[in-house]
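[1] can't give you the sequence, but here's the structure:
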Ligand SMILES: [Zn+2]
């Protein structure tokens with residue numbers, strides 16, 4: 001059997017070329033279903049076509065490049081969109097690694113009896129339309145109802161955005177037939193410090209955390225900032241401030257649980273008016289459902305206490321819930337062996353970020369993920385990754401594909 005050799009140089013070069021699309025300095029802005037995302041798809045499509053793929057877009061705007069015939073394929077890849085002013089590697093490096101795995105397999109003249117498909121998922125970040133994991137949700141039948149009518153901040157709907165990209169405007173048509181995907185493997189940067197601390201280039205993801213998104217509305221009483229005595233106020237923002245601190249306390253009290261308030265708005269929002277209403281977001285994540293449930297219960301109880309003391313009325317609405325997803329045990333074992341073949345003794349790691357891999361796994365497709373060591377956090381221009389680590393991931397991915405397609 002020919003030795004598989006992935007090239008760090010080629011990976012570095014391709015990652016740099018992708019990073020120029022939507023770039024401002026070292027920051028990358030490539031929102032889902034935009035012209036920038038499409039330019040990234042077009043660049044990857046050229047690489048795939050040069051390697052002999054049949055390349056197409058599905059009706060959700062996902063990019064697919066198929067090697068081999070029509071049967072059930074092994075699907076590999078990640079996403080090509082970014083957050084606003086994001087980094088160069090989140091998503092993009094996973095797609096580059098998938099392309100490199102194919103290139104290495106072609107160079108090694110590996111005999112693949114089954115088809116392989118490289119995917120660039122559209123709009124994973126969900127920044128523009130508020131639907132995270134959009135492209136893979138469409139492919140695996142997990143889109144919310146009436147999704148095509150969701151609009152961005154300018155009022156452009158998903159249907160219109162798809163039509164602007166030359167598609168028909170119905171992302172549900174992207175649904176992949178059951179049984180048409182044999183397995184899915186996603187390489188992705190870790191986006192956290194754990195691999196760097198362990199001095200390991202790669203990890204095999206065991207579980208992807210569950211996520212609960214809630215919207216909290218605190219209603220108090222709008223009043224004059226000069227004439228309303230302190231004891232007679234029902235200040236919605238001060239009540240909300242207590243609740244924001246309660247999110248931190250409730251998440252800190254549970255193992256591996258994280259809670260974030262990232263958005264807050266105050267009405268009417270004037271310096272001489274006691275706030276009448278305050279709305280904020282909660283993002284809760286944990287590798288165990290019971291910790292998410294318990295944190296939500298603690299926050300609801302905390303809100304009742306604040307309302308009693310302050311005369312406010314608080315509602316906590318659950319906006320979205322993604323279940324804790326354990327990745328397929330056989331795929332994890334396969335990826336550990338494959339990382340070993342690439343010279344890496346890869347530890348298991350829980351993913352604190354959501355990933356497209358959730359959707360195929362929940363749809364019954366055996367799914368695995370390889371994490372690559374990264375530095376400087378993520379969703380930020382400081383994010384970085386070493387092409388040599390990515391080359392190890394590409395070698396491991398190629399080994400896994402060879403085994404699955406033998
Ligand atoms: Zn990502």
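    Sure thing, it's come through. Quick caveat, the model's predicted, so the values are computed rather than measured.

[2] Kindly report the residues of the stretch 1-150 of the chain close to the ion.
    90-91 (CB under 5 Å from the ion). For the C-beta atoms, the positions are set from N, CA and C on the backbone; glycine is no exception.

[3] at 8 Å instead, please
    For the stretch 1-150 of the chain, the contact set with the ion under CB under 8 Å from the ion comprises 78-79, 90-91, 94, 124-125.

[4] Would you mind listing the buried residues in stretch 56-67?
    Neighbour-count burial for stretch 56-67, with 16 or more other CB atoms under 10 Å as criterion, is recorded at 57-67.

[5] Now find how far off-centre that stretch is within its chain.
    19 Å (CA atoms, centre = their mean, to the nearest Å).

[6] Endpoint to endpoint, that stretch covers what distance?
    From its first residue to its last, stretch 56-67 covers 12 Å (CA to CA, to the nearest Å).

[7] What average pLDDT does it get?
    Average pLDDT, stretch 56-67: 98.

[8] again, but for stretch 366-376
    97.

[9] re the thing from before, now, among the buried residues of stretch 56-67, which is nearest to the ion?
    Within those, the smallest distance to the ion is 14.6 Å, found for residue 62 (CB to the ion).

[10] Just the closest of the residues of the stretch 1-150 of the chain next to the ion to residue 289, please.
    residue 124 (23.0 Å; CB to CB).

[11] Chain neighbours aside, what residue packs nearest to residue 348?
    Spatial nearest neighbour of residue 348, excluding adjacent residues (CB to CB, 6 or more residues apart in numbering): residue 206 at 4.3 Å.

[12] Correct me if wrong: the one you found contacts residue 328.
    No - using CB atoms under 8 Å, residue 206 is not in contact with residue 328, being 10.5 Å away.

[13] mind giving me the domain split of the protein?
    Domain assignment for the chain, taken from automatic domain parsing, gives 8-209+324-405, 210-322.

[14] The shortest one: how far from the chain's middle?
    The reference is to domain 210-322. On CA atoms, centre = their mean, the centre of domain 210-322 falls 25 Å from the chain's centre.

[15] is the ion contacted by it?
    No - using CB under 8 Å from the ion, domain 210-322 stays clear of the ion, with a minimum separation of 13.7 Å.

[16] distance between the ends of that domain?
    Using CA to CA, one end of domain 210-322 lies 5 Å from the other.

[17] about what we covered before: so which of the domains of the chain is nearest residue 2?
    Relative to residue 2, the nearest member of the domains of the chain by CB to CB is domain 8-209+324-405, separated by 3.8 Å.

[18] Got the phi and psi for the closest residue to residue 275 other than its chain neighbours?
    The shortest distance from residue 275 to any non-neighbouring residue, by CB to CB, 6+ apart, is to residue 237 (4.0 Å). Phi and psi for residue 237, reported as degrees, to the nearest 10, are phi -70, psi -40.

[19] nearest to residue 153, of the buried residues of stretch 56-67?
    residue 61 (18.8 Å).

[20] Name the SS class of the closest one, please.
    coil (DSSP: H, G, I helix; E, B strand; the rest coil).

[21] Need the pLDDT of the closest residue to it other than its chain neighbours.
    With sequence-adjacent residues excluded and distances taken as CB to CB, 6+ apart, residue 61 is closest to residue 122, at 3.9 Å. The model reports residue 122 with a pLDDT of 98.

[22] Over to residue 134?
    Residue 134 is assigned a pLDDT of 97 by the prediction.

[23] Surely the residue nearest to residue 61 touches residue 33?
    Yes - between residue 122 and residue 33 a contact is recorded at 6.1 Å, counting by CB under 8 Å.

[24] who has more neighbours, these two?
    residue 122 (30 against 26; other CB atoms under 10 Å).

[25] thinking again about what came up before, can you lay out the residues of the stretch 1-150 of the chain next to the ion as CSV showing distance to residue 135, neighbour count and secondary structure?
    Below are those laid out as CSV (distance: CB to CB, whole Å; neighbours: other CB atoms under 10 Å; DSSP: H, G, I helix; E, B strand; the rest coil):
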residue, distance to residue 135, neighbour count, secondary structure
78, 11, 28, strand
79, 7, 31, strand
90, 15, 26, coil
91, 11, 30, coil
94, 13, 32, helix
124, 7, 27, coil
125, 11, 22, coil
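
[26] returning to that earlier point: wait, what's in contact with the residue nearest to residue 275?
    218, 220, 266, 275, 278 (CB atoms under 8 Å, 6 or more residues apart in numbering).

[27] if we can go back for a sec, would you say the residue nearest to residue 348 is within a strand?
    Yes - membership of residue 206 in a strand is supported by three-state DSSP.

[28] circling back: residue 28: which of the contacts of residue 237 is nearest?
    Distance to residue 28, by CB to CB, is smallest for residue 266 among these, at 31.5 Å.

[29] The closest one is in what secondary structure piece?
    Using DSSP states H and E, residue 266 maps to strand 264-267.

[30] Spell out the residue ranges of the helices in the stretch 101-250 of the chain.
    134-139, 158-164, 194-198, 236-252 (DSSP state H, counting those that start in this stretch).

[31] Nearest to residue 146, out of those helices?
    helix 158-164 (9.7 Å).

[32] Give me the distance between that closest one and the centre of its chain.
    That offset, for helix 158-164, works out to 22 Å (CA atoms, centre = their mean).

[33] Against residue 200, how distant is residue 322?
    27 Å (CB to CB, to the nearest Å).

[34] again, but for residue 388
    Distance from residue 388 to residue 200, by CB to CB: 13 Å.

[35] next one: residue 309
    For residue 309, the distance to residue 200 (CB to CB) stands at 49 Å.

[36] Between these two, which is the more surrounded one?
    A count of neighbours by other CB under 10 Å puts residue 200 above the other of residue 309 and residue 200, at 19 against 10.

[37] Residue 363 contacts residue 140, doesn't it?
    Yes - using CB under 8 Å, residue 363 is in contact with residue 140, at 4.0 Å.

[38] The residue positioned nearest the centre of the chain and residue 136, how far apart?
    Here the mean C-alpha position of the chain is nearest to the C-alpha of residue 355 (CA atoms, centre = their mean), at a distance of 3.9 Å. In this view, residue 355 and residue 136 are 9 Å apart by CB to CB.
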